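model the structure of this input:
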Amino acid sequence: MPADKDLLENWWDDACSGPISFMRFPMSRDLKKADIAVLGVPYDLGTTNRPGARFGPRAMREQSTLTGEFEYGLWPWDYHIAEYHTVIDYGDICNFAGYPERMIKETEETVDKILASETACFAMGGDHFVSLPLLRSHVRKHGPLALIHFDAHSDTWVDENYTHGTMFYHAIKEGLLDIEHSIQIGIRTPNPETHGIDIIFATELDEMKPSEVAEHIKNRVGDAKAYLTFDIDFLDPAYAPGTGTPVSGGPTVMAGRKILKGIRGLNIVGADLVEIAPAYDPIGSITAVAGATLGGDILYLLSEALRR
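Model (predicted):
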């Protein structure tokens, strides 16, 4: 897709003005010319601790008016995504408040439609359970996928209930994951069953350089098609207090960004960033700022995978 010259030439100068869309990309549901669609899934009924992640997509959009302010792109990336791809903010999945089954159905139908148009999807949660319907749609399009999972929790608890701690157990049961190429990074809560997924625990992560972590991920995933999911509680609560289940002992925002930038080259076909609950930020929307920034990095990874 050619560069969106109009978008670049008419960029807004101020973070406090202009429309509130993710990174200032146009709000649209026209998939005919879109390469990547950003989708909000404001759901938090799968939360087992503090609710509030339903407000995550709105908070990410608000703070991305700052991270998406410059026509030069998101630092330290040396170009703007719009130079290569047309990105749209598709809006949110709506009309399911209080009805988990309806959320699952609406999310799968919407993402199926996006992917059928040969448009990639980056989703904003919502609690982490939303990754299950997102994965189902991506697997229908691409087949079983390697999971690249940034989190403090493994979310593979053996439990038939649908929560934000069980969705990857269900994904494994449903045959959605390419286990041999899947990896979890930053885990620092108990779970006796790994299900064969490679894990970089937080203690190991703390002793590794971001470049070493990125290389480990790339070696594990290889050439497999991959789905990237980033729970904001991967970060230490010092950098992301606005989340439902914070766990001390995590990395910094910069470490997370360096790891993400270090895995460029992987065949990432879909992604999400979840679990921002802005009500728990003490001041300044710092968790949403981190999420909007990391979400921008993930968009770049999707864009570069599309170009290859």
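
can you tell me the average pLDDT over the helix ranked longest in the chain?
Longest helix in the chain by number of residues, with DSSP state H as the criterion: helix 286-307. Helix 286-307 comes out with an average pLDDT of 97.

list the buried residues for that helix?
Using 16 or more other Cβ atoms under 10 Å as the test for burial, helix 286-307 gives 286-306. Backbone N, C-alpha and C define where each C-beta goes, glycine included.

same question for stretch 62-81.
For stretch 62-81, the neighbour count (16+ other Cβ under 10 Å) marks 62-69, 71, 73-74, 77, 80-81 as buried.

same check, this time on stretch 150-168
Neighbour-count burial for stretch 150-168 flags 150-157, 162-168 (criterion: 16+ other Cβ under 10 Å).

now do the contacts for Trp157.
With contact taken as Cβ atoms under 8 Å, 6 or more residues apart in numbering, Trp157 is in contact with Thr163, Gly165, Thr166, Tyr169, Asn191.

how close does it sit to Glu106?
Here the distance between Trp157 and Glu106 works out to 25 Å (Cβ to Cβ, to the nearest Å).

can you check Lys32 too?
Lys32 sits 22 Å away from Glu106, going by Cβ to Cβ.

rebuild the contacts of Trp157 as a markdown table, extending it with pLDDT and secondary structure.
Rendered in a markdown table, the data for these read as follows (pLDDT from 0 to 100; DSSP: H, G, I helix; E, B strand; the rest coil):
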| residue | pLDDT | secondary structure |
| --- | --- | --- |
| Thr163 | 91 | coil |
| Gly165 | 92 | coil |
| Thr166 | 93 | coil |
| Tyr169 | 97 | helix |
| Asn191 | 79 | coil |
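
dump the residues you listed into JSON lines; add distance to Leu205 as well.
Supplementary listing: the contacts of Trp157 in JSON lines, determined by distance: Cβ to Cβ, whole Å:
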{"residue": "Thr163", "distance to Leu205": "25"}
{"residue": "Gly165", "distance to Leu205": "20"}
{"residue": "Thr166", "distance to Leu205": "24"}
{"residue": "Tyr169", "distance to Leu205": "23"}
{"residue": "Asn191", "distance to Leu205": "16"}
